[in-house]
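Participant: Predicted model, plus sequence, below.
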Amino acid sequence: VSASAPQALTASASKAALSTSQNHQEPWCLSQLLSMVIDELSFSLDNNVSGLDILHGLLNAQWLQSLVKVYECLHKFSKTRPAPTMSQASVLCREVRQKLALLSAHDSVAQKDYNPVLAPLPDNLPEDEEAMRIVCLVKNNQPLGATIKRQETAGSIVIARVIHGGLADRSGLLFPGDQLVEVNGTPVDGLEPEQVIQILVRSQGTIMFKLIPVSYRQISCSQNVIYVRAMADYRPGEDTSIPCVAAGLAFKRGDILQIVDRNDIHWWQAKNVSSPSICAGLIPSNTLLKRKQKEFWWSQSFPPHNCMKSTHCEYQQEDMAIDEKCVETGKVTTFVAGFRKSARLCRRNSKSNQLLCNARSPDNCYSNSVWPYEEVVRYQRQANAKHRLVILVGPSGVGVNELRRRLIEINPHHFQSPVPHTTRPPKSHEEDGREYHFVSRESFEAMALSQRFLEYGEYKNHLYGTSTETVRSVLDAGKVCVIDLEPHRIYLTRTKELKPYIVFIKPPSISRLQQTRKYSRIITEYYVNRSFKDEDLEEMEDTAKKMEDHFGHLFDRVIVNDDLHLACGHLLSAVRQAQEEPHWVPEAWLCPDMDS
Ligand SMILES: Nc1ncnc2c1ncn2[C@@H]1O[C@H](COP(=O)(O)OP(=O)(O)OP(=O)(O)O)[C@@H](O)[C@H]1O
């Protein structure tokens, strides 16, 4: 910079300083000074003073200007500290909120119209009016929420039930057992219940009942509320025995129902937890539904069932490559057991059996031995408790094993499959207790007889099975035990000890299967490792549907195996939720004295 530039700058700066000291006014703003200097520089630039363009560019930079502005603001506020309006501004907000609530309560009361006006009480009240109760209800387009019946002995018409949360219940004026004397001035003596219903149906607005109150009133106790899992479907519209179809509650297998009233041995009152409503609905009681199931069961002709059979199969196929898999985890090599193809194949052949596991099977939810409602409670595993057994279920080829394998690979120290038992001799590279527990046929059969296998079968004259003990040992080691199982075997695992969490692996649509399984391989009964054909995909879809139809109520989670990575992510999060979040489980699992 040439000598003349500093002179020019000094002149402007001193001009500013002079102005400040003379006037004793506000000091010049830094930004004013800056713009003045820039003006001076521009002037010098016009005179081609060398090097000044750099300084000009620097001082003109946006960031410098912004910094100067920030500095000035801070400077200004450090001098004149604004005084707070009040020390607790949030108190003001609370006060305003309270006032607003009061005003809105005022408006609600002010706008409420209490119409329709209730009918006046009749003048000609009978002499024994003490024993009578006059009740006026306004229908308001909603059902009355009560049913009536003829009392068998006295022949009088009484209130049979009052639906929880319904109009009659909310009025607190009608009770089961109250005897109807008049409805809207019409005596009911001699009328059939249906005729009384017709009077009620025709009534608009206010309905007046004259009743003789029941002498002993059943007090419904909220502690009696229980939750159940429906093990059967129910459609009130198709049930001719229901006292009032409109009051019925439809449900599907697997739904969780809150039972609010079990006073009647035949008809309970319930709400569906997944679609809560104010008003309860009528459902058949456990015994009544069971009876209906039996009647239905005997009225159907079923093919003989195979469920009682073990999953034995005679497999006349050439030996197949053993699908062994080692997982490298740092320096440790972990053998992932339970993926032997032979063990799976002996089961695979029985797949036709599994789905024919029809309504007469004792394992099946339709069976005689299973109640249509299972009492359930919310259960969340304590951090120090054993993990819940994770069971993967799905049609053959859908990717159950692929997903299970991937899950274990994510963290083999945390997830593990049990080591299967077999009667086949060990191969040279195999170790007892690593790939398999090698046992004699006698020992195996003894174990099977004493129900120690969750599942077993035969392949090429050798038996293969997964024992409860091996599952237990994985859980005892503090790991998450992951197994895959044929769906009809789930019932064996539903114990207090194992508390299984069941994940159904569902195939995507056929078109997505065609796309995603283009390069995947399937092992069939006749061919080793060939590509999927359209028939395989159709069969997979068909089997999946049957599995869902028959066992869907037992599935805690359904994962569609479309994109493999996504499905694996979903599985990982499902397994985590199973261990860490609350779920509905059978009440018996938490019952201290009923260990299974
Ligand atoms: N989402 C997916 N996308 C593409 N290929 C998949 C997917 N899931 C699984 N596969 C592949 O499909 C084939 C069959 O999978 P897998 O062996 O896991 O079936 P499975 O359900 O265990 O049936 P099975 O017990 O009869 O063997 C494998 O080649 C697997 O890699």
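Facilitator: Okay, I see it.
Participant: Pull up the residues of the stretch 351-500 of the chain that are close to the ligand.
Facilitator: By the rule CB under 6 Å from any ligand atom, the part of the stretch 351-500 of the chain lying against the ligand is Gly394, Ser396, Gly397, Val398, Gly399, Val400, Asn401, Glu402. Just so you know, the C-beta spots here come from the backbone N, C-alpha and C atoms, and that holds for glycine as well.
Participant: now with 5 Å?
Facilitator: For the stretch 351-500 of the chain, the residues in contact with the ligand (CB under 5 Å from any ligand atom) are Ser396, Gly397, Val398, Gly399, Val400, Asn401, Glu402.
Participant: One more: the chain?
Facilitator: Counting by CB under 5 Å from any ligand atom, the chain sits next to the ligand at 344, 396-402, 516, 520-521, 561, 564.
Participant: Which of the residues you listed are buried, as a PyMOL select command?
Facilitator: Those of these that count as buried under 16 or more other CB atoms under 10 Å are selected in PyMOL with:
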select buried, resi 344+396+397+398+399+400+401+402+516+561
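Participant: Take the residues of the stretch 351-500 of the chain next to the ligand and lay them out in JSON lines including secondary structure, pLDDT and distance to Ala383.
Facilitator: Output for these, formatted as JSON lines (DSSP: H, G, I helix; E, B strand; the rest coil; pLDDT from 0 to 100; distance: CB to CB, whole Å):
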{"residue": "Ser396", "secondary structure": "coil", "pLDDT": "88", "distance to Ala383": "37"}
{"residue": "Gly397", "secondary structure": "coil", "pLDDT": "89", "distance to Ala383": "37"}
{"residue": "Val398", "secondary structure": "coil", "pLDDT": "93", "distance to Ala383": "33"}
{"residue": "Gly399", "secondary structure": "coil", "pLDDT": "93", "distance to Ala383": "31"}
{"residue": "Val400", "secondary structure": "helix", "pLDDT": "93", "distance to Ala383": "29"}
{"residue": "Asn401", "secondary structure": "helix", "pLDDT": "91", "distance to Ala383": "30"}
{"residue": "Glu402", "secondary structure": "helix", "pLDDT": "93", "distance to Ala383": "31"}
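Participant: Measure how buried Arg378 is and give me the count.
Facilitator: Look at Arg378: counted by other CB atoms under 10 Å, it has 11 neighbours.
Participant: What of Asp239?
Facilitator: 17.
Participant: do the same with Trp589
Facilitator: 20.
Participant: and the gap between the residue nearest to it when sequence neighbours are not counted and Cys591?
Facilitator: With CB to CB, 6 or more residues apart in numbering as the criterion, Trp589 has its nearest non-adjacent residue at 4.5 Å, and that residue is Lys496. Applying CB to CB, to the nearest Å, the value for Lys496 to Cys591 is 7 Å.
Participant: ditto for Ser171
Facilitator: Going from Ser171 to Cys591 by CB to CB gives 39 Å.
Participant: re earlier: for the residue nearest to Trp589, phi and psi?
Facilitator: Here is the backbone geometry of Lys496 (degrees, to the nearest 10): phi -60, psi -40.
Participant: quick one on the thing from earlier: same list, the residues of the chain next to the ligand, but as a markdown table with distance to Glu458 please.
Facilitator: Formatted as a markdown table, these follow (distance: CB to CB, whole Å):
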| residue | distance to Glu458 |
| --- | --- |
| Arg344 | 13 |
| Ser396 | 18 |
| Gly397 | 21 |
| Val398 | 24 |
| Gly399 | 25 |
| Val400 | 21 |
| Asn401 | 20 |
| Glu402 | 25 |
| Thr516 | 33 |
| Ser520 | 28 |
| Arg521 | 25 |
| Asn561 | 29 |
| Leu564 | 32 |
